[in-house]
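Undergrad: give the three-dimensional model of this entry:
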Amino acid sequence: MAEDESESENGLPGPPPDPSRIPSIVRKVGDLNLASKAEEHGISKKTKPDIKAIMEFLDEIEDPEPLNNNLSGDPMAESWLQILLTLIVREHGHSSLDVGTIELLVGERMNRERIDLEIFLDRLWLMGRLEKVYGGEEVSYSPNPSKKTRLGNA
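TA: Numbers count the residues shown, from 1 in each chain. As a prediction, the model looks like this:
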């Protein structure tokens with residue numbers, strides 16, 4: 001009995017590997033075209049957002065419905081933020097947006113200026129609704145991809 005236990009601890013479970021059953025795939029180094037592969041999978045190419053065009057777009061759309069989330073401190077502000085981050089992620093391929101740009105684009109609609117906006121975004125980050133991205137000139141925020149029912153559905 002002790003001998004069987006020591007054998008099972010030393011070997012891998014299941015049958016031994018058979019390399020002849022694994023298909024070989026040979027590729028040349030540098031042969032992969034990442035742009036075409038990304039296009040095949042529907043990944044947006046990263047483009048520089050045109051702030052003026054985004055402002056015009058946000059001016060043209062109707063006010064969004066407030067989020068139906070009873071934990072939200074300001075459902076209307078979160079709706080505007082959700083629209084903006086969705087646009088940045090899906091249309092421009094960016095993963096985050098800095099606080100200054102968020103303020104410029106939707107700060108007035110959210111009725112928040114710089115420090116109030118930073119506090120609001122930090123609160124959403126603490127709640128797990130946004131991801132905080134450090135680096136660059138200032139802190140950025142992105143949708144939390146693990147929170148599909150919250151702001152992360154971008």
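Undergrad: only C-alpha atoms for contact and neighbour calcs from this point on.
TA: Will do.
Undergrad: all strands of this protein, in order?
TA: All strands of the chain, identified by DSSP state E, fall at 97-98, 130-133, 140-143.
Undergrad: can you get me the centre-to-centre distance for stretch 120-131 and its chain?
TA: Stretch 120-131 sits 14 Å away from the centroid of its parent chain (CA atoms, centre = their mean, to the nearest Å).
Undergrad: list the buried residues of it.
TA: 120, 121, 122, 124, 125, 128, 129, 130, 131 (16 or more other CA atoms under 10 Å).
Undergrad: how about the contacts made by the second one?
TA: By CA atoms under 8 Å, 6 or more residues apart in numbering, residue 121 lies in contact with 130, 141.
Undergrad: confidence score at it?
TA: With respect to pLDDT, residue 121 has a value of 92.
Undergrad: then the fifth one?
TA: Per-residue confidence (pLDDT) for residue 125: 91.
Undergrad: isn't residue 94 right next to residue 86, touching?
TA: No - under the criterion of CA atoms under 8 Å, residue 94 makes no contact with residue 86, lying 9.8 Å away.
Undergrad: quick revisit: please identify the most buried of the strands of the chain.
TA: Among the strands of the chain, strand 140-143 has the highest mean neighbour count (mean count of other CA atoms under 10 Å), at a mean of 23.
Undergrad: what is the burial count for residue 21?
TA: Neighbour count for residue 21, taken as other CA atoms under 10 Å: 7.
Undergrad: got TSV for the strands of the chain, with mean pLDDT and distance to residue 38 too?
TA: Listed next are the strands of the chain as TSV, based on pLDDT from 0 to 100; distance: least, CA to CA, whole Å:
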stretch	mean pLDDT	distance to residue 38
strand 97-98	88	22
strand 130-133	89	24
strand 140-143	87	21
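Undergrad: any chance of CSV for those strands, columns distance to residue 12?
TA: Formatted as CSV, the strands of the chain follow (distance: least, CA to CA, whole Å):
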stretch, distance to residue 12
strand 97-98, 47
strand 130-133, 40
strand 140-143, 41
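Undergrad: wait, residue 81 sits on residue 106?
TA: Yes - Residue 81 is within contact range of residue 106, at 7.2 Å (criterion: CA under 8 Å).
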